[in-house]
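Colleague: need a structure here:
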Amino acid sequence: QVQLVESGGGLVQAGGSLRLSCAASGRTFSKYAMGWFRQAPGKEREFVAAINWSGATTYYADSVKGRFTISRDTAKNTVYLQMNSLKPEDTAIYYCAEAPRPSDSSWEYDYWGQGTQVTVSS
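Modeller: Next up, the predicted model:
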C-alpha cells in the first residue's frame with residue numbers, strides 16, 4: 001500500500017522560507033511523477049508544482065513560479081518543495097501526491113498524503 005507522509009510545515013513570517021518533505025513508500029518511487037497541491041480555507045485544492053519520474057522536468061503554477069522549487073531524491077524516496085519569499089496568500093494545507101505522469105489536475109493523482117499546514121504571517 002502506498003503511503004505519503006508530508007512534513008516541514010509551520011508558521012513563518014512573510015518573506016521567509018520553508019522546505020516541505022514528502023516521504024513515499026509502498027511502490028517503486030522512481031517510476032512515478034510527484035506533485036504538490038494546496039488548499040486554503042474556503043477554497044478549492046489547487047496545483048502548486050509537479051516533477052516527472054526522473055526529476056528532469058518540473059512544472060509550476062504561475063503563482064509560485066520563481067519562488068518555489070520542487071525536487072526529488074530517489075535514494076531517499078522523498079520529494080521536496082522549497083518555498084522562498086513566502087506570502088500570506090501561500091497559507092494553506094499542502095499535500096503531496098503521486099501519479100503515473102506529471103499533471104496539474106488533481107484527479108490524475110492516485111495517492112495523497114495527509115497534508116501539512118503552512119501559515120505565513122504578514
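Colleague: Quick check: pLDDT value at the residue nearest to the spatial centre of the chain.
Modeller: The residue lying closest to the centre of the chain (C-alpha atoms, centre = their mean) is Trp36, at 2.6 Å. Listed pLDDT for Trp36 reads 98.
Colleague: burial of the residue nearest to it when sequence neighbours are not counted, as a residue count?
Modeller: Spatially, and ignoring its direct neighbours in sequence, Trp36 is nearest to Val48 (4.3 Å; C-beta to C-beta, 6 or more residues apart in numbering). All C-beta spots, glycine's among them, are computed from the backbone N, C-alpha and C. Residue crowding around Val48 was assessed by other C-beta atoms under 10 Å; the count is 25.
Colleague: Then Ser106?
Modeller: Ser106: 17 neighbours (other C-beta under 10 Å).
Colleague: now the one 10 residues further on
Modeller: Here the number of neighbours of Thr116 (other C-beta under 10 Å) works out to 22.
Colleague: returning to what we had before: go ahead and confirm the residue nearest to the centre of the chain touches Glu46.
Modeller: No. Using C-beta atoms under 8 Å, Trp36 is not in contact with Glu46, being 10.2 Å away.
Colleague: hmm, back to that, residues of the strand or helix carrying the residue nearest to the centre of the chain that come out buried?
Modeller: Trp36 belongs to strand 33-39 when elements are defined using DSSP states H and E. Going by neighbour count (16 or more other C-beta atoms under 10 Å), the buried part of strand 33-39 is 33-38.
Colleague: Can you give me the pLDDT of Gln1?
Modeller: For Gln1, pLDDT reads 87.
Colleague: following the strand holding Trp36, which helix or strand shows up next?
Modeller: With DSSP H and E setting the assignment, the helix or strand that follows strand 33-39 is strand 46-51.
Colleague: next one: that next one to chain centre, how far?
Modeller: Centre-to-centre, strand 46-51 and its host chain are 6 Å apart (C-alpha atoms, centre = their mean, to the nearest Å).
Colleague: can you pull the contacts of Thr69?
Modeller: 49, 58, 80-82, 84 (C-beta atoms under 8 Å, 6 or more residues apart in numbering).
Colleague: Closest one to Trp53 out of the buried residues of strand 33-39, please.
Modeller: Lowest distance from Trp53 to the buried residues of strand 33-39 (C-beta to C-beta) belongs to Ala33, with 5.8 Å.
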